[in-house]
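1. structure here, sequence nowhere to be found:
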């Protein structure tokens, strides 16, 4: 398998077309999807593939316009957020029980937030269903590192995902990562995930440094599990954590097999070999840039890469 350049890694994760690159290609891509909308909200909340729109069971709370490519959630007699969420939750459970979509086999009993044009919370949706509707999801990603050791130089703690994971089994991951549930703040989520995934106690996790966000628009392939070609626009809150040299992260759940302490050269080698999960690779690219390991002198696509780390989304954000 050909080794990946840094730009290849960016393209693999942020792989929805850009309008400014090629208007016709972008317009053609967008026109192929159905716009997911909530009755009463003017914004498009996500993109749905024709395959999903065509197979989605319909009831009085849903309508599909196959001419204008619109999928509308129109909850009847629902005047509050809680009522809308209850109708949506009951509907998705029914779809799950009918085994319509494979992606729902990964049901998590976690709610993801969906926001309107004024950053208001307008829906909460089961995590595993979010990719069906192509809505923006949020998460935290943290890179834990050791500044130097007896051999000198920075090293990064990288876990390997369990082979039993529905999504990207066996691939390498960021030290800690997790999805942001409805009502949860990024740091709160990070502290929880640190304990669950890496056995990092709260007093250490709170030392993590917020380093901004990463936004990208990913189109899922078979490695993600379930249906392919689903839209997955994401915003990740990025954190760094400098760990003591004698602290060893340990899997706190069944998410990871183990943790390995890798030199920067080993991380770059693993990235080039395509061993990291696509969005984790993008997060590490951003880490390498911030810490001066990826520079304009050594990377011919530096400007393009840096600009691609903060994509402007087509949908309302948090």
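-> Yes, it's here. What you see is a predicted model, and the numbers here were worked out from it, not measured in a lab.
2. C-alpha from now on. contacts and neighbour counts both.
-> Noted.
3. where do the strands of the protein begin and end?
-> Using DSSP state E, the strands of the chain run over 34-38, 46-48, 62-65, 70-73, 111-115, 121-126, 137-146, 155-161, 176-179, 209-219, 231-242, 256-263.
4. the fourth one - contacts with which helices or strands?
-> The contact analysis (3 or more C-alpha pairs under 8 Å, 6 or more residues apart in numbering; DSSP states H and E) places strand 70-73 against strand 34-38, strand 62-65.
5. nearest to residue 266, out of those?
-> Nearest of the helices and strands packed on strand 70-73 to residue 266, taken as C-alpha to C-alpha: strand 34-38 at 42.1 Å.
6. could you report the pLDDT at residue 150?
-> Listed pLDDT for residue 150 reads 59.
7. with residue 166 instead?
-> Model confidence at residue 166, given as pLDDT, is 76.
8. ok so, going back, just name the most buried of the helices and strands packed on strand 70-73.
-> Of the helices and strands packed on strand 70-73, the one with the most neighbours on average (mean count of other C-alpha atoms under 10 Å) is strand 34-38, at a mean of 23.
9. so that one versus strand 121-126, what angle?
-> 120 degrees (axes from the mean of the first three to the mean of the last three C-alpha atoms, to 10 degrees).
10. reformat the helices and strands packed on strand 70-73 as CSV; add distance to residue 267.
-> Formatted as CSV, those follow (distance: least, C-alpha to C-alpha, whole Å):
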stretch, distance to residue 267
strand 34-38, 38
strand 62-65, 46
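11. quick one: which of the ones you listed is nearest residue 253?
-> strand 34-38 (34.6 Å).
12. ok, and what's touching that closest one?
-> 43-50, 53, 68-74, 133-134 (C-alpha atoms under 8 Å, 6 or more residues apart in numbering).
13. partners of it in the sheet?
-> Using DSSP bridges, strand 34-38 pairs in its sheet with strand 46-48 (antiparallel), strand 70-73 (parallel).
14. pick the most buried one from these.
-> Using mean count of other C-alpha under 10 Å, strand 46-48 ranks as the most buried of those, with a mean of 27.
15. related to what we said a few turns ago, most tightly packed of the strands of the chain?
-> Buried most deeply of those, by mean count of other C-alpha under 10 Å, is strand 46-48, with a mean of 27.
16. contacts for stretch 243-251 next, please.
-> 144-149, 157, 196-200, 257-259.
17. now do the contacts for the spatially closest residue to residue 318 that is not a sequence neighbour.
-> Once flanking residues are discounted, residue 318 sits nearest to residue 119: 5.2 Å by C-alpha to C-alpha, 6 or more residues apart in numbering. Residue 119 is in contact with 316, 317, 318, counting by C-alpha under 8 Å, 6+ apart.
18. a markdown table for these, including distance to residue 163, pLDDT and neighbour count?
-> Converted to a markdown table, the contacts of residue 119 look like this (distance: C-alpha to C-alpha, whole Å; pLDDT from 0 to 100; neighbours: other C-alpha atoms under 10 Å):
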| residue | distance to residue 163 | pLDDT | neighbour count |
| --- | --- | --- | --- |
| 316 | 35 | 97 | 18 |
| 317 | 33 | 97 | 21 |
| 318 | 33 | 94 | 15 |
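19. now those in JSON lines, with distance to residue 18?
-> Converted to JSON lines, the contacts of residue 119 look like this (distance: C-alpha to C-alpha, whole Å):
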{"residue": "316", "distance to residue 18": "17"}
{"residue": "317", "distance to residue 18": "18"}
{"residue": "318", "distance to residue 18": "22"}
